[in-house]
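Enquirer: model the structure of this input:
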Amino acid sequence: MACRLVCVIGVVVLVFANQPLYASKDSVAQQQRRAMGFARSGQHQRALMILQSLKNKYPNQYSVQRDYILVASWMGECDRVIDGYRGLQNKYQHFSRVAVAAAKCLRTQNRVRDAIQLLKTALGRNKGNRELKQELVAAQQELSAQNFTTEYGLETNNSDAGNREWRVQAMVWGEITDRLYGRARLTMIHAIDPQFATGDLNRVGVGLDYDVGKISLDGEVSSDVIRSGETGLSTTVRYTPKEVWKLTAAYHSFSEEVPLRAKALNITGNQRHIGASFHTPDYAWEWLAAMDWLDFSDGNRRHEWFSELGYGLDLKPEREKRLMFELSQSSNSLVGTSYFNPLSAQTLIVGYKLTRVHKSQYNRKTDELYSWLGSYQQQTFGSHIIYGLRYEQNIVFDETRSLMWFVAAASKVYDGNRESEIKAGLHYTRELE
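Expert: Residues are numbered from 1 along each chain as shown. You can find the predicted model right below:
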């Protein structure tokens, strides 16, 4: 009896061992049809979840990748569309449905020349395709009609020991030649308290940005229009090895991040910066990190780093809920300065971010509410609870105009003393005709 049982078990094991460890093609096709049924009924997020699962299991199956790209394009999720298109094998990238979807998204991201190059490449392998030709004509017409864009910003905060500061900025930028972009800006930073007026900044800057595909090189020269001897040079390199990764390195010979009370004493500084960001293909996880070194003219050396991790608890086209984790640390080499300068400090924050997309008369309107609670520990002053709330609204009126505004309140602790902070800002962008 025992022998028979062992034999039966052995046969069952052999049978299952010879079965494929993945769903059959019929099963994949059925799941695709189910997903596309959800998508056509407006349940895009549900469809995308099914297709994302299939895409993870079968990364080289074109029909799955195609449907994923199409549903993402219907949702307006252009980063996902471009990520998906870049992940296609070369032999599929000229297919009209995916190429047109990717090109439309590149145009939405103001990467019209990249869209034209993509379409020309696809047409070279798919000659005579009407969809590709029509999209190419539209992209070329958009390129010929491209204009310069202006941005105006106004922000205020009292984060430096309650001393309120205002920041006003006006900028204009646009494409000069193929892949070469130019900009000019005016930045004014003004302290309300007259005793800190000596630290006011009134800077004019001009810069160029050259985009060579995965790498962009940026350079700017700026100077104060009132005080002499405060010319600065900035260099920034951005590298995007894959659509899910972005890396940045920068150097500023004149940093505009020097604290208000330090600027009032004519203390200046230079700054080095590196940063990185990453997101999973389905955007469930997002991560960014940055590190800065500031060398002040009074001899102080400041080192700061920051990292943020976000997880999507509920991701839908009309609503996103994310759990956020932040960790940062700073250190300074100089003791006894007139400005806030802890020898060592660490911050740990847990936050909740709710983003909603509203139906309105505008092209797009979103609200974002971010609440957070954390711990701040400063050397010799111990650990304290900190908390805050931020509300932000973004409105895209049409293809040429957009507006962003925010207000934030926080309770923080500096040198053992609790302080309330209020920040607010407004940014308006318009394309010139």
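Enquirer: how about K214, phi and psi?
Expert: Main-chain torsions, K214, degrees, to the nearest 10: phi -80, psi -20.
Enquirer: what do you get for Q346?
Expert: Dihedral angles (degrees, to the nearest 10) for Q346: phi -130, psi 140.
Enquirer: contacts only, for it.
Expert: Contact partners of Q346, counting by Cβ atoms under 8 Å, 6 or more residues apart in numbering, are L327, S328, Q329, Y376, Q377. Every C-beta, even on glycine, is put in place using the N, C-alpha and C of the backbone.
Enquirer: give me the buried entries from these.
Expert: Neighbour-count burial within these applies to S328, Q329, Y376, Q377; the criterion is 16 or more other Cβ atoms under 10 Å.
Enquirer: skipping its backbone neighbours, what lies nearest the first one in space?
Expert: When you say that, I think you mean S328. Among residues not flanking S328 along the chain, F306 sits closest, at 4.2 Å (Cβ to Cβ, 6 or more residues apart in numbering).
Enquirer: by contact count, what packs against the helix or strand containing the one you found?
Expert: For F306, the enclosing helix or strand under DSSP states H and E is strand 301-316. Contacts defined by 3 or more Cβ pairs under 8 Å, 6 or more residues apart in numbering; DSSP states H and E place strand 301-316 against strand 285-296, strand 319-332.
Enquirer: what angle do the shortest one and strand 301-316 make?
Expert: Regarding strand 285-296 and strand 301-316, their directions subtend 160 degrees when assessed with axes from the mean of the first three to the mean of the last three Cα atoms, to 10 degrees.
Enquirer: hmm, who's touching strand 285-296?
Expert: By Cβ under 8 Å, 6+ apart, strand 285-296 touches 255, 257-258, 262, 267-280, 301-312, 322, 334.
Enquirer: which regions of the chain sit below the pLDDT cut-off?
Expert: By pLDDT under 70, the weakly predicted segments of the chain are 1-26, 145-146, 160-162, 361-362, 433.
Enquirer: 50 instead, please
Expert: The model of the chain has pLDDT under 50 over residues 1-23.
Enquirer: and it, what are its domains?
Expert: Domains of the chain are assigned by automatic domain parsing as 20-144, 149-431.
Enquirer: and the longest one, how far from the chain's centre?
Expert: I take that to be domain 149-431. Between the centre of domain 149-431 and the centre of its host chain there is 12 Å, according to Cα atoms, centre = their mean, to the nearest Å.
Enquirer: what about it, how long is it end to end?
Expert: The straight-line separation of the ends of domain 149-431 (Cα to Cα, to the nearest Å) is 4 Å.
Enquirer: again with stretch 49-66
Expert: 14 Å.
Enquirer: may I see the buried residues of that stretch?
Expert: For stretch 49-66, a neighbour-count test (16+ other Cβ under 10 Å) marks M49, I50, L51, Q52, L54, K55, Y58, V64, Q65, R66 as buried.
Enquirer: give me the beta-bridge partners of the residue nearest the centre of the chain?
Expert: The geometric centre of the chain, computed from its C-alpha atoms, lies nearest to S277 (Cα atoms, centre = their mean), at 7.7 Å. With DSSP bridges as the criterion, S277 is bridged to K246, L288.
Enquirer: hmm, it is touching K246, no?
Expert: Yes - using Cβ atoms under 8 Å as the test, S277 is close enough to K246 to be in contact (4.8 Å).
Enquirer: still on that earlier bit, redo the helices and strands packed on strand 301-316 as CSV? Include distance to G37.
Expert: Converted to CSV, the helices and strands packed on strand 301-316 look like this (distance: least, Cβ to Cβ, whole Å):
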stretch, distance to G37
strand 285-296, 28
strand 319-332, 22
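Enquirer: between those strands, which gets nearest to L403?
Expert: In terms of Cβ to Cβ, the element of the helices and strands packed on strand 301-316 nearest to L403 is strand 319-332, at 20.5 Å.
Enquirer: mind listing what that closest one pairs with, with the direction of each?
Expert: Strand 319-332 has these strand partners (DSSP bridges): strand 301-316 (antiparallel), strand 344-358 (antiparallel).
Enquirer: buried residues of the longest one, list them for me.
Expert: For strand 301-316, burial by neighbour count (16+ other Cβ under 10 Å) applies to R302, E304, F306, E308, G310, G312, L315, K316.
Enquirer: can you check stretch 363-382 too?
Expert: Within stretch 363-382, the residues that count as buried by 16+ other Cβ under 10 Å are K365, T366, E368, Y370, W372, G374, Y376, Q377, Q378.
Enquirer: thank you kindly, that will do.
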